[in-house]
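K.L.:
Fold the following, please.
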Amino acid sequence: MHPFEKHYYEIVKKDLILSENISTVSLLPGPKKISICLGGESSDENYVVACLGALNIVGGQKPYFIQQNPSQQRNSGPREGVGGKVTLRRESMYLFYYKLLFHVLPRVRQFEGLRAPAHDNIYCFVLKDIFSFEELVPLFPYFEEVGSLQCQFHFTTKDKAETNVLGHGLQVCFFSSGK
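P.N.:
Model (predicted):
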């Protein structure tokens, strides 16, 4: 068990029981999965291969290939690849959480925090500099044209307030918009 997963089960769950007045443990909110996507700007073969390689290094799993959506024309020909996607669950999800929160986000220049959640059970953000991941820095020539990394955190929450409380329990630094 990863130490961050242990932190969730031993500290965050107990804190949520006390603070949220939840009747049963099965109703506790928790992280479900993380989806990370890379690509979409080009269908060039070298670009797509670089995206898949970067996702393999960052996510620790083999990514699956994303093809562009079919156009409205009937004879549009074969669909071209545009990037890749990795879905992380269980141990690899907690490992990525830990790496993102304690190694990657502190390396982002002028990082002020993440926006407050906009959806009930999904939190999305874009990491524009993929070279915040230390593993990719020595391989800069291979990944220099790769764009931004889209991250989606999926939770088992019912509303934005629960997502915010769970995020703070998991050490995600949300900031309020001040409106």
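
K.L.:
mind listing what the closest residue to Gly169 other than its chain neighbours touches?
P.N.:
Among residues not flanking Gly169 along the chain, Val12 sits closest, at 4.0 Å (Cβ to Cβ, 6 or more residues apart in numbering). From N, CA and C alone the C-beta is placed, and that goes for glycine too. Val12 makes contact with Leu166, Gly169, Leu170, according to Cβ atoms under 8 Å, 6 or more residues apart in numbering.

K.L.:
got it, and Ala54?
P.N.:
Ala54 makes contact with Leu38, Ile130, Leu136, Phe143, Val146 under the criterion Cβ under 8 Å, 6+ apart.

K.L.:
mind running it again at 10 Å?
P.N.:
Ala54 makes contacts with 36, 38-39, 63, 83-84, 130-131, 133, 135-136, 139, 142-143, 146, 149, as judged by Cβ atoms under 10 Å, 6 or more residues apart in numbering.

K.L.:
Just the closest of those residues to Val104, please.
P.N.:
Ranked by distance to Val104 (Cβ to Cβ), the contacts of Ala54 are led by Phe133 at 5.7 Å.

K.L.:
which one is that closest one nearest to, not counting chain neighbours?
P.N.:
Computed as Cβ to Cβ, 6+ apart, the closest residue to Phe133 that is not its neighbour in sequence is Val58, at 5.3 Å.

K.L.:
For that neighbour, the count of nearby residues, please.
P.N.:
The tally of other residues near Val58 (other Cβ atoms under 10 Å) stands at 22.

K.L.:
Name the residues of the one helix or strand it maps to that come out as buried.
P.N.:
Using DSSP states H and E, Val58 sits in helix 45-59. Within helix 45-59, the residues scored as buried using 16 or more other Cβ atoms under 10 Å are Tyr47, Val48, Ala50, Cys51, Leu52, Gly53, Ala54, Leu55, Val58, Gly59.

K.L.:
Thanks a lot, see you next time.
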